[in-house]
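1. Structure, please.
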Amino acid sequence: MKMDKQLRKEYIKKIQEKAKKSGYKAPQHMFYKVQDDNLLYAYFTIIPAGDLVYRLETKKMSFDNIFWTIMDMEDNIRRGNTLRVNGAFTASGILISGDNINLTDDMEGIAEDFVDNATSEFANFMENNDIIDYIFSHDQIFDWEILKCLAYIDTDEIAKAVELAREQIEKGDRGRFVNANKGFFERVILKYA
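-> The predicted structure follows:
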C-alpha cells in the first residue's frame, strides 16, 4: 500500500492516540513510559512504500544521569524524558526488537496491534531480564563498552568502570561521545580515577 504524506500523518496520529490510551507519552515518531527505574520506548516511522518500521528499546533512567554527569551536561538531568529517548547525547538503549509491519487500510487495527504488541514485548523483556545483567551477558549490544561502564558506575563498582575506560583508551577508543575535546572514556577517568 503506497503512503502519501497525509495518510502517513493519519497513521502516526492513530498510533499516538493508542499509545496515549495505553499509558505512554507519545511525541512525534515515538512513544515511551517510565516503569520503575527503566525507560521503555519505541521509535517508529512510516515509509512511503507502505511499511511501519520500528525499534523497541529500554535503558535504566539512571544511565542518562550518570552519562550526563560524566559528559559535563548535568543540566540535561532536569529536562524531560523525551530528551532521554531521542537526544543525541544520551546513553544508548538496549534493543528489544525491531521489525517492519506492512500497512493496510485497517489503520485502527494496525495501531492497536502495534502498541499492544510493543507493550507485551516490553513486559516480557522486563519480566525475564535485569538490565545490568543483560548488559554484562550480551556483547553484541550497541555501545556495549559504554553501557558496561555506566552499569559499573550504577552499581558502585567505580574501579571496574575506570579500568574498562583505561582498556578502551589503550585500544584507541576514546569513547564516541566527545565534549570539550575529551571522549567518554577519557572523561570517566578524569571524573573517577
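2. In contact with Met126, which residues are there?
-> Contacts for Met126 (CB atoms under 8 Å, 6 or more residues apart in numbering) come out as 35, 38, 40, 58. Where you see a C-beta, it was placed from the backbone N, CA and C, and this is true even at glycine.
3. And the residues you listed, which two are furthest apart?
-> Largest separation among the contacts of Met126 by CB to CB: Gln35 and Thr58, giving 8.8 Å.
4. quick one: which of those two has more around it?
-> Taking other CB atoms under 10 Å, Gln35 and Thr58 do not tie; Thr58 has more neighbours (21 against 14).
5. Wait, a helix at the more buried one?
-> No - when classified by DSSP: H, G, I helix; E, B strand; the rest coil, Thr58 is found to be strand rather than part of a helix.
6. Can you verify my assumption that it contacts Asn38?
-> Yes - using CB atoms under 8 Å, Thr58 makes contact with Asn38 at a distance of 5.6 Å.
7. Next, show the common contact partners of the two.
-> Contacts common to Thr58 and Asn38, judged by CB under 8 Å, 6+ apart, are 126, 131.
8. Helices along the protein, start to end?
-> 5-21, 61-70, 81-86, 107-128, 131-137, 144-154, 158-170, 184-192 (DSSP state H).
9. for stretch 166-181, which positions count as buried?
-> 168-169, 174-175, 177 (16 or more other CB atoms under 10 Å).
10. Could you dump those into CSV and include pLDDT and distance to His29?
-> CSV is the format used below for these (pLDDT from 0 to 100; distance: CB to CB, whole Å):
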residue, pLDDT, distance to His29
Gln168, 97, 32
Ile169, 97, 36
Arg174, 95, 31
Gly175, 93, 28
Phe177, 95, 23
